[in-house]
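S.K.: sequence and predicted model, in that order:
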Amino acid sequence: MRAPRFWWDKPEAVAALLSPFATIYGAVASRRLEQPGARIGIPVICVGNLTVGGAGKTPTAIEVARVLIDAGERPYFLTRGYGGRLAGPVVVEEGHTAVQVGDEPLLLARVAPTVVAANRVAGAELARDKGASVVVMDDGFQNPSLAKDLSILVIDGGRGIGNACVIPAGPLRAPLAPQLDRTDAILIVGNTTGAAPVLEATRTRKLPLFHASLDPDRVTADALAGMRVLAFAAIGDPEKFFATVAAAGINAAATRAFPDHHRFSIKEARTLLDEATRKGLLLLTTEKDMARIKADAALSDLALPAHVLPVTLRVQESEEFGKLVLGVCRRAGASP
């Protein structure tokens, strides 16, 4: 699904028309947030966001896991596995494909063991039983079934919270205040031009505030520097990827955006290949998109020539961020 443009462009008439439905949705979502979750005996760190769409949750979850691994912890990722057919709980293994478990779990599993589970409690229990010392949830902040010991909300600094309305009038998954009331820290990714309401609320609540960037892999960027590419992406915010490509010094002569988690058809693959050939461009996409493309044997003609631009999340306040993450484990270790 592609988010409606009015969520971000803020035409008040459309949002006002949908406000009665948003009120109902928001009330239900707020009540869900108040429900107590199950505890599994080890810390649970949740990386979520306030809105529908991409904000940088998966790169943030990966950074959290790296902090934990460097400190000697045994993190397991827990994710729903959006787009995969397996309900789980199941540990992602080398033979799994994006069709089975979704694209994000394949990226997570490169860093730490990853459990895919529609039932978050069952998934967390499986991770614990497999030897996890801490669970890192990629998404699931609004799911109340599992208690969180630390909730970090990731905000796209450019888009912010759009028109600040709740689904379907806007991109918020629940009203802003109830979400922030259950948040332990805010991470702004990119510039902060669109995040003013969140920044103000963060200061009012005295929440820890961190800033981060999504940095392209330098080796790949240098290899493609100055080359003309057709950049394509089917992520929550394709424009963010295109901006990253440009910032890396790569000439995106053409860009093509698709809905988040989109499964490319053979026709779409052929169209991309034909356009790239006709214009003399290299094909360039994201790691998540390539995971889906490689999962479909019918798209091998697209997978073979396409290049991938990996990105890494860099937190400016890395020392303070590490202390926040590790503090959860230390408190759990000190508990009787």
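M.R.: On my side now, so go ahead.

S.K.: please count neighbours and contacts with C-alpha atoms only from this point.
M.R.: Fine.

S.K.: pLDDT weak spots in the chain?
M.R.: 1-3, 9-13, 332-336 (pLDDT under 70).

S.K.: centroid-nearest residue for it?
M.R.: K57 (3.0 Å; Cα atoms, centre = their mean).

S.K.: how much space separates it from I188?
M.R.: Going from K57 to I188 by Cα to Cα, to the nearest Å gives 11 Å.

S.K.: between the two, which contacts overlap?
M.R.: Common neighbours of K57 and I188 (criterion: Cα atoms under 8 Å, 6 or more residues apart in numbering): V154.

S.K.: is it fair to say I152 lies in a strand?
M.R.: Yes. Counting by DSSP: H, G, I helix; E, B strand; the rest coil, I152 is part of a strand.

S.K.: hey, what's it bridged with?
M.R.: V47, A185 (DSSP bridges).

S.K.: contacting residues for it?
M.R.: I45, C46, V47, G48, N49, T183, D184, A185, I186, L187.

S.K.: which element is the first one on?
M.R.: Secondary structure assigned from DSSP states H and E places I45 in strand 44-48.

S.K.: the helix or strand following that strand packs against which elements?
M.R.: Following strand 44-48 in sequence order, the next helix or strand is helix 57-70 (DSSP H and E). Packing partners of helix 57-70 (3 or more Cα pairs under 8 Å, 6 or more residues apart in numbering; DSSP states H and E): strand 44-48, strand 75-79, helix 103-108, strand 134-138, strand 311-315, helix 318-334.

S.K.: need the CA coordinates for helix 57-70. PDB is fine.
M.R.: Extracted as PDB, the C-alpha positions of helix 57-70 are listed here (Å, rounded to 0.1, in the frame of the first residue of the first chain):
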ATOM      1  CA  LYS A  57      13.200   1.100  12.200                       C
ATOM      2  CA  THR A  58      15.200  -1.800  10.700                       C
ATOM      3  CA  PRO A  59      18.600   0.000  10.500                       C
ATOM      4  CA  THR A  60      17.900   1.300  14.100                       C
ATOM      5  CA  ALA A  61      17.200  -2.200  15.400                       C
ATOM      6  CA  ILE A  62      20.400  -3.400  13.700                       C
ATOM      7  CA  GLU A  63      22.400  -0.600  15.500                       C
ATOM      8  CA  VAL A  64      20.800  -1.600  18.800                       C
ATOM      9  CA  ALA A  65      21.800  -5.200  18.300                       C
ATOM     10  CA  ARG A  66      25.300  -4.200  17.400                       C
ATOM     11  CA  VAL A  67      25.600  -2.200  20.700                       C
ATOM     12  CA  LEU A  68      24.400  -5.300  22.600                       C
ATOM     13  CA  ILE A  69      26.700  -7.700  20.800                       C
ATOM     14  CA  ASP A  70      29.700  -5.500  21.400                       C
END
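
S.K.: for it, what is the distance to the chain centroid?
M.R.: Distance of helix 57-70 from the chain centroid (Cα atoms, centre = their mean, to the nearest Å) equals 12 Å.

S.K.: could you give the angle of that helix to strand 75-79?
M.R.: Helix 57-70 runs at 160 degrees relative to strand 75-79, counting by axes from the mean of the first three to the mean of the last three Cα atoms, to 10 degrees.

S.K.: what are the buried residues along helix 57-70?
M.R.: Using 16 or more other Cα atoms under 10 Å as the test for burial, helix 57-70 gives K57, T58, P59, T60, A61, I62, E63, V64, A65, R66, V67, L68.

S.K.: could you dump the residues you listed into TSV and include distance to T220?
M.R.: Shown next, in TSV, are these (distance: Cα to Cα, whole Å):
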residue	distance to T220
K57	22
T58	20
P59	18
T60	21
A61	23
I62	20
E63	20
V64	24
A65	24
R66	22
V67	24
L68	27
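
S.K.: pick the one among these closest to G322.
M.R.: V67 (6.2 Å; Cα to Cα).

S.K.: surely that closest one meets L324?
M.R.: No. The pair V67 / L324 is not scored as a contact, 10.3 Å apart, by Cα atoms under 8 Å.
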